[in-house]
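1. mind folding the following:
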Amino acid sequence: MTIFFSLCSSRSLRFEFQFVSVVAAFAGVTATVRSADDELYREKYRPQFHFTARQWNVHKLNPGQREEGWLNDPNGLVFFRGEYHLFAQRWNKCWIHAVSKDLVHWTELQPAFWEDERFGTGVQSGGAVVDKDNTSGLAPADAKMPPLVAFWAGNDNHSQCISYSLDAGRTWTKYDQNPVVAHPERDPKVFWYEPGKRWIMVLYGNGSYHFFTSKNLLDWQDQKYSIADSFECPDMFQLPVDGDAHRLKWVLVRGNGKYSIGEFDGAKFTRETDQLPCDLGANFYATQSWGEIDGQPGRRVQIAWMRGGRYPDMPFNQQMTFPCDLTLRSFPEGLRICRLPIADIKSLYEEQHVWKDLTVKPGENPLKDISGELFDIELQADIGAAKGFGVKWRGATVAYTAESQMLNCLGREAKVIADNGRLTLRILIDRTSIEVFANDGKVSMSSCYLPKPDSTGLEFFAEGGDLKTQSITVNQLTSAWPAVIRKD
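-> You can find the predicted model right below:
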């Protein structure tokens, strides 16, 4: 008997035999044997263009918070030499690590670094930077590349620590003089402040954000300044106002996705707005962002943990939002962040359906001949006599009610004011997530759902009167994940 086998993607040797077919042959019986990775990224409820974690050493369904396949807070988002690095929590067990050239197609690497017993047996959330001038001295003077430096908190909620990489994030070393800051509590966010030629750390603790400064990433000074009413996972960056690179504002985003706009002098943030929501959906938490992207000054790309999604009997648990470009735009009520999916999603477009200047009557469904799982839908509508309109698929509904000016997605509501009776919607549909963007991203709603298994059709509907649409575009998407089924 000849047995064909494959090694699972793990540093340990593991054979998990799952006999699929047996073929008679003159020399005996040949069995095709597949590993637990055979259906990786093709599972029933696995999102196909939203990032999820894989398993390495086990094949277990319904993984829990510290188990392989679990995913939560995004961490340490950096761009380095043509690669986007995405790190994420496996609930303080380790930092999950993936890389991408376009923020759409990801390759998950082995975890970057693991829990540390010295600081409470955990490696909690934090940030990362490219120390391009080697201010830390962590790289040898003749090193070919600068260090990547990751900041994380121990489970003692007091020790702020460093791990660093000298090979573009492929291997990591824990700094032998950790912790670099001893201060409650966790989630250190670090960035370079060019006017003061120094590093800034924003640290969560006791319901507030605290600020520290450093010249070398190793020695930190407490600025004795804090921002109250702030909880977990800070993110802080500049954005150009209305695309003007000479007019910049600072944005401080809290773990719950609420942000404030203001000024920052290297030690103190002066808030100029109330706390405003980045997103009003049911599953949006612990946002982080990529910036300092080579050749793209001022660009800021945000991602969040879609906290609370359900994926019954799957070998993974939780997912990320699709990456969104952030812009800061002026409105009558003031400056507001707008979020829209990155343009690279077009790399997944497979088939496009377009309608121009179409009037939809109640009871009609122009999308009746379209079916599938993955969509990017764009529409522009003049409300007119209609009392409402929306899109339905697989038991889920996104609907707009004209009288109340409310957008509803899976039971959550957001106020969306139609400009002169006109409304734009962008809807991303994945196997277990829905992201809606209204009025060019001024309002967004990110939510998870479980689809009805026997339904794949799309429905566009109008209620209470005729609805005139300027355009409806339905892009059907292919998977961002490669086919990995082995044919040994």
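2. in the protein, which helix or strand is least confident?
-> strand 18-25 (a mean of 31; mean pLDDT, DSSP states H and E).
3. show residues contacting stretch 258-270.
-> Applying Cβ atoms under 8 Å, 6 or more residues apart in numbering, the contact partners of stretch 258-270 are 193, 195-196, 198, 200, 211, 213, 223, 225, 227, 236, 249-253, 271-278, 328, 335, 337. Backbone N, C-alpha and C define where each C-beta goes, glycine included.
4. from Ala438, how far out is the closest residue to Gln405 other than its chain neighbours?
-> Using Cβ to Cβ, 6 or more residues apart in numbering and skipping residues adjacent in sequence, the residue nearest Gln405 is Ile417, 5.5 Å away. Computed as Cβ to Cβ, to the nearest Å, the Ile417 to Ala438 distance reads 10 Å.
5. when the two are compared, which one has more neighbours?
-> Ala438 (24 against 10; other Cβ atoms under 10 Å).
6. specify the beta-bridge partners of the more buried one.
-> According to DSSP bridges, the residues that bridge with Ala438 are Leu425, Val443.
7. low-confidence ranges in the stretch 201-350 of the chain?
-> Residues of the stretch 201-350 of the chain meeting the criterion pLDDT under 70: none.
8. and the most centrally placed residue in the chain, what is it in contact with?
-> What sits nearest the mean C-alpha location of the chain, by Cα atoms, centre = their mean, is Ile303, with 3.0 Å. Going by Cβ under 8 Å, 6+ apart, Ile303 touches 51, 74, 77, 86, 287-290, 320-324.
9. that one belongs to a strand?
-> Yes: membership of Ile303 in a strand is supported by DSSP: H, G, I helix; E, B strand; the rest coil.
10. distance check, it against Leu276.
-> 19 Å.
11. for Met314, see how far away Asp187 is.
-> 28 Å.
12. tally of neighbours for Lys132?
-> 12.
13. actually His105, not the one I typed
-> With other Cβ under 10 Å as criterion, His105 counts 16.
14. same check, this time on Gly257
-> 23.
15. ok, the closest residue to it other than its chain neighbours - contacts?
-> Of all residues not flanking Gly257 in the chain, Cys278 sits nearest, at 4.2 Å (Cβ to Cβ, 6+ apart). Shown in contact with Cys278 (Cβ under 8 Å, 6+ apart): 253, 257-259, 284, 287, 302, 304, 337, 339, 444.
16. list just the nearest of these to Trp56.
-> For those, the closest approach to Trp56 (Cβ to Cβ) belongs to Ala304, at 24.6 Å.
17. which residues touch the closest one?
-> Ala304 sits next to 74, 257, 278-279, 284-288, 320-321, 446 when contact means Cβ under 8 Å, 6+ apart.
18. if you set the cut-off to 10 Å instead, what comes out?
-> If you count contacts by Cβ atoms under 10 Å, 6 or more residues apart in numbering, Ala304 has them with 73-74, 233, 235, 253, 255, 257, 278-279, 281, 283-289, 320-324, 339, 446.
19. and what of Ala399?
-> Per Cβ under 10 Å, 6+ apart, neighbours of Ala399: 388-392, 406-409, 413, 461, 463.
20. from the residues you listed, pick the one nearest Ile472.
-> Looking across the contacts of Ala399 and measuring by Cβ to Cβ, the closest to Ile472 is Val391, at 9.6 Å.
21. leaving out chain neighbours, which residue sits closest to the closest one?
-> That would be Val398: by Cβ to Cβ, 6+ apart, it lies 5.1 Å from Val391.
22. please identify the helix or strand for that neighbour.
-> Element membership of Val398 [criterion: DSSP states H and E] is strand 396-401.
23. for that strand, which positions count as buried?
-> Going by neighbour count (16 or more other Cβ atoms under 10 Å), the buried part of strand 396-401 is 396-401.
24. could those residues be laid out in JSON lines, adding distance to Trp481 and pLDDT?
-> Shown next, in JSON lines, are the buried residues of strand 396-401 (distance: Cβ to Cβ, whole Å; pLDDT from 0 to 100):
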{"residue": "Ala396", "distance to Trp481": "22", "pLDDT": "95"}
{"residue": "Thr397", "distance to Trp481": "28", "pLDDT": "96"}
{"residue": "Val398", "distance to Trp481": "25", "pLDDT": "98"}
{"residue": "Ala399", "distance to Trp481": "31", "pLDDT": "98"}
{"residue": "Tyr400", "distance to Trp481": "33", "pLDDT": "98"}
{"residue": "Thr401", "distance to Trp481": "37", "pLDDT": "97"}
